[in-house]
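# A structural model of the following input is requested.
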Amino acid sequence: MKFRQTYLAALITSGMVVVAGCSVKNNMGKNRYQVEPEALEVNGDSVAFTITAIVPEKSINPKANIRFEPMLKTDKGETALRSLTVGGESAEGVDVKINSKTGGKVSYTTKFKYTGDMRKAKVMSGFSVKVKEDYKSLNELEGVVKEIAQGTITTSYLVRTNIAPKVAGDTYAAEMSGKSVEIYFPQDKAKFDLAFGIKKLKITNKAQVEELKNILKKDPKFVPANIKLTSFASPDGELQRNSGLAKNRSESSYAYFQKELKKLGFAQANDSNFTMGYEVSEDWDGVRKAVEASTLADKNEMLVIINNKGISDDQREESLRNNHRKSYDWLISDVFPKLRRSSLTVMGSTPLRTEAEIIALAKAMKFDSLNASELYHLGYIMPDADMKLRMADYYINRFPEDWRAYNDKAVLLMYQAKWNDALTELVKANKLGSANEAVLQHNAGICMLNMGNRAKAEELFTKANASYGLGVIAIQKGNYADAINYFNKSGVKDGNVALAYLLNKQMNEAKSVMESMKPELMNSYCYYLMAIVGARSGNVDMCTTNLSRSLMEAGKEGIDMNAAKKYAAEDLEFRAFFSNPNFQAAVK
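Just a heads-up that it's a prediction; the model follows:
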């Protein structure tokens, strides 16, 4: 609101009301008041101002008791603001006493919640005088009701809440997978023997190798990268010896299967990066399962030993051998042979289709032929938002346990300002126990902020360590220094960051932020803020040039040009230039 510096509103002398601007007493010209800030401005959700009046000596009756009753007048009506009573030194029950001989100072401060209709509101003066026990209104007298201020600066409300949501991310790359069979070794033998088998199980290594070959032939595009051998030793040998045995078995198996892969046409087997990995484990779990399924008379006692985690594997094996000899012999003949095995896995990947191939299949409506990675990627490369949403629904139907699809569908809905629908999808994603909880909290915070639940948004942004979102909320709360700190942590440089500096009265920093931005990121919002920086700095050329650019960009962005020009024409940030021809031309 634009304030007027004028005469002190009212004084009481000998029962007469002296109103600002009325020459009832010769010393009235000395009575003046000052309003701070010079123009009312929204900070957080409120507007505050202070009026300080200097009362000259011998200008007030010792017994005078007047009440200052300001009113806020908007298109919706009038609202009474906090009143203040002022009197002479002999007055009773007043808020401020002024010595009638020496004069003094009166300070009035009030704060009220801002609403949208107050941008063009007026603050009007009003007075009443105490006569006996009651206050009588003086507002009907000429000159009592005067306009103290008009309009409110609402620059803090320019903060944008369209914070960029976070997608789960599309890392379109072939995933490693394995094609496995199990192979077997005689006790204490390291060399891989194709002819070896276990008669009782009707298993031979030759048959296992043929099975692996058939698995590989079914996927001709498979690209092997390495071989992994996980050896499970029977617990009838020391672990150290079993570890050495597993290493030797791995080397022997690697040499054999590298040759077999070459025969199958996998040239990658010749690559120096094609390697062999191995690990060893004594298969006590296999022993436990075999004993549990047996009809051994002493199986319960054996299971106590097998399940005892307080002793070493060697102590466990020794206890079974010494205390349950007959049953141990059964383990040697019927159980341990099938535990002496290795899980042979050829690790590799199947190359994914090109984007052109994916799109071609999509156009042919052959979505079922796309795997999860290809289908998920299709959702990213689709140009149309509605098609992206349909693809998200299709993906969710096929792969309902993938949290990414729910999150990314929520992001698409957020860009359509469907905040409730987006929150529903985020809740679904969260139920899947996503390890990326911060992403979901960040996106949910944006939804809550745009739905008007600032407290919940702040809670979610805090949990997600979302500094940028917290910076936006700090602006809304009127904590501009905090906003700057949050934005600096986020590393983002945009219009909201410049706004925080501007509101914190750091004009050079606000200007520097926008000058450091890439030209393609400068929009109508940024140019408007630059115009305000120019206005606050008294630079008319900077103000009007950037205002004109802002309005031009607004048109390109689909903003109503008439509404944008009207907003600028009434913005008290530019009050010093309202009569400037260049400003008038810009908003015409």
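# List the buried residues for whichever helix in the chain runs longest?
Longest helix in the chain, counting residues (DSSP state H): helix 239-263. Neighbour-count burial for helix 239-263 flags 239, 242-243, 245-254, 256-258, 260-261 (criterion: 16 or more other CB atoms under 10 Å). All C-beta spots, glycine's among them, are computed from the backbone N, C-alpha and C.
# any idea of the mean pLDDT in it?
Computed over helix 239-263, the mean pLDDT rounds to 75.
# helices or strands up against it?
Applying 3 or more CB pairs under 8 Å, 6 or more residues apart in numbering; DSSP states H and E, one finds that helix 239-263 makes contact with helix 205-217, strand 223-233, strand 275-282, strand 341-349.
# Using neighbour counts, pick out the buried residues of the first one.
By 16+ other CB under 10 Å, the buried positions in helix 205-217 come out as 205, 208, 209, 212, 216.
# the inter-axis angle of that helix versus strand 223-233?
Interaxial angle, helix 205-217 versus strand 223-233 (axes from the mean of the first three to the mean of the last three CA atoms, to 10 degrees): 150 degrees.
# In terms of secondary structure, what does helix 205-217 contact?
Short answer (3+ CB pairs under 8 Å, 6+ apart): helix 205-217 packs on strand 177-184, strand 197-198, helix 239-263, strand 341-349.
# As TSV, these with distance to residue 69 would be great.
What follows is these, written out as TSV (distance: least, CB to CB, whole Å):
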stretch	distance to residue 69
strand 177-184	80
strand 197-198	103
helix 239-263	92
strand 341-349	80
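# Out of these, which is closest to residue 430?
Nearest to residue 430 among the helices and strands packed on helix 205-217 is strand 177-184; the distance by CB to CB comes to 28.3 Å.
# Not counting that closest one itself, show me its contacts.
With CB atoms under 8 Å, 6 or more residues apart in numbering as the test, strand 177-184 has contacts from 192, 196-198, 203, 205, 208-209, 211-212, 215-216, 219, 222, 228, 253, 337-338, 340-350.
# same thing with stretch 573-586?
With contact meaning CB under 8 Å, 6+ apart, stretch 573-586 is reached by 2, 39, 153, 155, 531-532, 535-536, 538, 540-541, 543-544, 547-548, 551, 568.
# again, but for stretch 357-368
Against stretch 357-368 from outside (CB under 8 Å, 6+ apart): 353, 369, 370, 374, 375, 377, 378, 381, 394.
# now swap in stretch 194-212 and tell me
179-186, 192-193, 256, 260, 334, 337-338, 344, 346.
# Could you do stretch 107-116 as well?
42, 45-53, 68, 70, 72, 74, 79, 81-82, 84, 96, 152, 154.
# buried sites along it?
108, 110, 114.
# Just give the closest residue to residue 571, not the sequence neighbours.
residue 153 (7.6 Å; CB to CB, 6 or more residues apart in numbering).
# re earlier: of all the helices and strands packed on helix 205-217, which one is nearest residue 435?
Closest of the helices and strands packed on helix 205-217 to residue 435 is strand 177-184, at 20.8 Å (criterion: CB to CB).
# hmm, back to that, please, a ChimeraX command that selects the buried ones among the contacts of stretch 107-116?
Buried residues within the contacts of stretch 107-116, by 16+ other CB under 10 Å, are selected in ChimeraX with:
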select :42,47,49,51,53,68,70,72,81,84,96,152,154
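# how about the most centrally placed residue in the chain, secondary structure?
Centroid-nearest residue in the chain, with CA atoms, centre = their mean: residue 442, separated by 2.6 Å. Following DSSP: H, G, I helix; E, B strand; the rest coil, we place residue 442 in the helix state.
# what does residue 533 give?
Of the three states, residue 533 takes helix according to three-state DSSP.
# Could you name the specific helix or strand carrying residue 292?
helix 284-293 (DSSP states H and E).
# got the residue ranges for the strands in the stretch 51-200 of the chain?
Along the stretch 51-200 of the chain, the segments classed as strands by DSSP state E, counting those that start in this stretch run 65-68, 71-74, 77-80, 84-88, 96-98, 104-113, 122-124, 127-131, 134-137, 147-150, 177-184, 197-198.
# Let me know which of these is the nearest to residue 515.
strand 147-150 (34.0 Å).
# Can you list the low-confidence ranges for the stretch 1-150 of the chain?
1-32 (pLDDT under 70).
# Kindly recompute the last result at 90.
Where the stretch 1-150 of the chain drops to pLDDT under 90, the residues are 1-40, 51-61, 116, 120-121, 124-125, 131-133, 138-150.
# what's the answer for the stretch 201-350 of the chain, then?
201-203, 205, 208-286, 309, 312-314, 317, 332-350.
# Give me the neighbour count for the residue nearest to residue 571.
A count of neighbours around residue 153, defined by other CB atoms under 10 Å, yields 21.
# Cross-check the contact I'm expecting between it and residue 572.
Yes: taking contacts as CB atoms under 8 Å, residue 153 lies within contact range of residue 572: 4.9 Å.
# What's the end-to-end length of stretch 183-191?
12 Å (CA to CA, to the nearest Å).
# Show the average pLDDT along that stretch.
If you average the pLDDT values across stretch 183-191, you get 82.
# Identify each buried residue in that stretch, please.
By 16+ other CB under 10 Å, the buried positions in stretch 183-191 come out as 183, 184, 185, 190.
# So the last one sits against residue 243, correct?
No: because the distance of 12.0 Å does not satisfy CB under 8 Å, residue 190 is recorded as not touching residue 243.
# what about the nearest residue to residue 266 once chain neighbours are set aside, distance to residue 349?
Closest residue to residue 266 apart from its sequence neighbours, by CB to CB, 6+ apart: residue 224 at 5.3 Å. For residue 224, the distance to residue 349 equals 9 Å [CB to CB, to the nearest Å].
# more neighbours, these two?
More crowded of residue 224 and residue 349, by other CB under 10 Å: residue 224, with 22 against 15.
# Could you double-check that the more buried one sits in contact with residue 265?
No: the criterion here is CB under 8 Å, and residue 224 misses it with residue 265 at 10.8 Å.
# returning to what we had before: switch the buried residues of stretch 183-191 over to TSV; also include distance to residue 526.
What follows is the buried residues of stretch 183-191, written out as TSV (distance: CB to CB, whole Å):
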residue	distance to residue 526
183	67
184	71
185	71
190	71
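# Please parse the chain into its domains.
Domain ranges of the chain: 2-153, 177-349, per automatic domain parsing.
# Straight-line length of the last one, end to end?
Here the two ends of domain 177-349 are set 6 Å apart, with distance taken as CA to CA.
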